[in-house]
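Trainee: Provide a 3D model corresponding to the input given below.
(one chain, ligands or ions: 2)
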Amino acid sequence: MKKLFIKTYGCQMNVYDSARMADLLTPIGYAATDTPDDADMVILNTCHIREKAAEKVYSELGRLAKLKPQRDGMLIAVAGCVAQAEGKEIIARQPAVDLVVGPQSYHRLPEMIAKVARAGGHALETEFPAEDKFDALPEAAHEVGATAFLTVQEGCDKFCTFCVVPYTRGVEYSRAPEQIRSEAERLVERGAREITLLGQNVNAYAGRDAAGETWTLARLIRRLAGIPGLARLRYTTSHPRDMSDDLIAAHRDVDALMPYLHLPVQSGSDAILEAMNRQHTADTYLRLVDRIRAARKDLALSSDFIVGFPGESDADFAATMKLVREVNYAQAFSFKYSPRPGTPAAAARKQIPEDVKDARLQALQALLSGQQDAFNARCAGKTMPVLFEKPGRRAGQAVGRSPWLQPVHVDGAANLIGQIRDVRIDAVLPNSLKGVFADAPREKALAI
Ligand code: 5AD
Ligand code: SF4
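Mentor: Residues are numbered from 1 along each chain as shown. Ligands and ions are numbered 1, 2, ... in the order given. The predicted model follows:
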């Protein structure tokens, strides 16, 4: 077997794509390794969302280029969104790269590898091909843990003015519900207890079944929740505009759907939201949050924020801080605006100075992390079901997730990976919880 090392940057969809690339290369003789040093093939699965993410790729390529002369026949591939956005410029900038393959064409990797092995030179695939990538991919063969990702929707038609996604991932596309169901069943057979449905705009899901009917995400969730052995469902990332009534109702009705929602707002200023082309206001977002919380009282919210978007005044930023105080998030991600080539906002005249962005980011992050700490602190003394995912750092410890996605550490649970147990939280650590089993150990589980 040849050795394959894949390094993944960026979002969860890239994590999913990396696993699918491994599935694709296993039949042609590649087995995963966890270091590039002895790899026959290295794939960097890249992210283009902010300049920093994209630049990291070139420094990693520089390191890999030095390894190449020592390893006869080693192949270097750049996949993902930098590959899509920069194409052959990557090879011009780093000639050690053999293959460049975009997120919609990686199912062609085996042919590309064969071509380079046969004829030398480079191979480049950054078209959005007519055939369906998902039809061309083999069944999942990679190791599946207690939690798994499943892409149900890709691409975006929203065109937020800061964002590269419509250009790197293409237009919105939804997979057929039957195809998703069989992939979900296979993941569960292979050990998944929780599946996170992925899409750049996941709640715009509109997959057509064989009868020609279009399914909403809510209908898909209700269907998948019936798969025996599947205990938990999540989905990400949602756009506020597509948070339909039936999806909100699913949060009320479907027990397997976890009470946690990542619902990016980006800004609390209507002027900035308009300039971002977000298609919602601060007020419509707040009213939406109220409706979702009315359907599921214990739902925790998370969000993404951009500070220093072109034209953002002190008053605009104050409006973001005000919205954060009103919503009270359990978790959130915040970023300084990074101009991306080819996006409308990058050409705006009123770019914000770096020091102003820094100060705003610091203030926002202080507020958000205070809210996260308070949310975690409220969990002390509570009992909650925890799905155990992996051994902890200390011997005999295991780590799982609460329904609200918090990591939970428990002693004496090393053999409980994949099980859900009730845990009473007795300590709140900076970014995680610690607890003890609240349910009596089950005789059968102990006997195994
Ligand atoms: N600059 C900074 N942050 C960005 N994001 C997307 N594009 C940019 C950009 N150009 C953030 C948004 C999005 C998250 C995935 O990344 O907040 O929701
Ligand atoms: Fe990065 Fe967006 Fe591409 Fe994911 S879809 S890898 S976040 S640019």
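Trainee: the residue in the stretch 251-400 of the chain that ligand 1 sits nearest to: what secondary structure?
Mentor: Ligand 1 sits closest to Asp304 of the stretch 251-400 of the chain, with a gap of 3.3 Å, by C-beta to the nearest ligand atom. Placement of C-beta: from N, CA and C, glycine included. Here Asp304 takes the strand state, with states given by DSSP: H, G, I helix; E, B strand; the rest coil.
Trainee: then Lys322?
Mentor: Under three-state DSSP, Lys322 comes out as helix.
Trainee: pretty sure it contacts Gly268?
Mentor: Yes: with contact defined as C-beta atoms under 8 Å, Lys322 counts as touching Gly268 (5.9 Å).
Trainee: pick out whichever of these two has more residues nearby.
Mentor: Gly268 (24 against 13; other C-beta atoms under 10 Å).
Trainee: quick one, what contacts the more buried one?
Mentor: Shown in contact with Gly268 (C-beta atoms under 8 Å, 6 or more residues apart in numbering): 282, 319-324.
Trainee: would you mark the buried spots in stretch 317-335?
Mentor: Residues of stretch 317-335 classed as buried under the neighbour-count rule (16 or more other C-beta atoms under 10 Å) are 317, 319-320, 323-324, 327, 329-332, 334-335.
Trainee: cool, stretch 169-189 as well?
Mentor: 169-170, 172-177, 180-181, 183-188.
Trainee: do the same with stretch 28-43
Mentor: Those buried within stretch 28-43 under the rule 16+ other C-beta under 10 Å are 30, 32-33, 36, 39-43.
Trainee: ok, stretch 278-291 next?
Mentor: Applying 16+ other C-beta under 10 Å to stretch 278-291 flags 278, 280, 282, 285, 288-289 as buried.
Trainee: so in this protein, which helix runs the longest?
Mentor: helix 354-377 (DSSP state H).
Trainee: name the residues that touch that helix?
Mentor: Taking C-beta under 8 Å, 6+ apart as the rule, helix 354-377 contacts 300, 305, 307-308, 312, 317, 320-321, 324-325, 328-332, 334-337, 404, 406, 428, 430, 433.
Trainee: just stretch 391-399 next, same as before
Mentor: Here stretch 391-399 has contacts from 388-390, 407-414, 416-417, 432, using C-beta under 8 Å, 6+ apart.
Trainee: which of those count as buried?
Mentor: By 16+ other C-beta under 10 Å, those give 388-389, 407-410, 413-414, 416-417, 432 as buried.
Trainee: intersect those with the contacts of ligand 1.
Mentor: Applying C-beta under 6 Å from any ligand atom to those, one finds that nothing falls near ligand 1.
Trainee: from the residues you listed, which is closest to ligand 1?
Mentor: Pro407 (21.2 Å).
Trainee: tell me which residues touch the closest one, please.
Mentor: Applying C-beta under 8 Å, 6+ apart, the residues contacting Pro407 are 399-401, 431-433.
Trainee: in TSV: these, plus pLDDT.
Mentor: Below are the contacts of Pro407 laid out as TSV (pLDDT from 0 to 100):
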residue	pLDDT
Val399	95
Gly400	96
Arg401	97
Asn431	89
Ser432	94
Leu433	97
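Trainee: and the residue of the stretch 301-448 of the chain found nearest ligand 2, how many residues sit next to it?
Mentor: Nearest to ligand 2 in the stretch 301-448 of the chain, going by C-beta to the nearest ligand atom, is Arg340, at a distance of 9.0 Å. Other residues near Arg340 come to 22 when the count uses other C-beta under 10 Å.
Trainee: give me the neighbour count for the residue nearest to Asp411 when sequence neighbours are not counted.
Mentor: Among residues not flanking Asp411 along the chain, Gln397 sits closest, at 5.5 Å (C-beta to C-beta, 6 or more residues apart in numbering). Each residue near Gln397 was counted by other C-beta under 10 Å, and the total is 16.
Trainee: about what we covered before: is the longest helix of the chain up against ligand 1 anywhere?
Mentor: No: Helix 354-377 lies out of reach of ligand 1 by C-beta under 6 Å from any ligand atom, never closer than 9.8 Å.
Trainee: buried residues in that helix?
Mentor: 357, 360-361, 364, 367-368, 371-372, 375-376.
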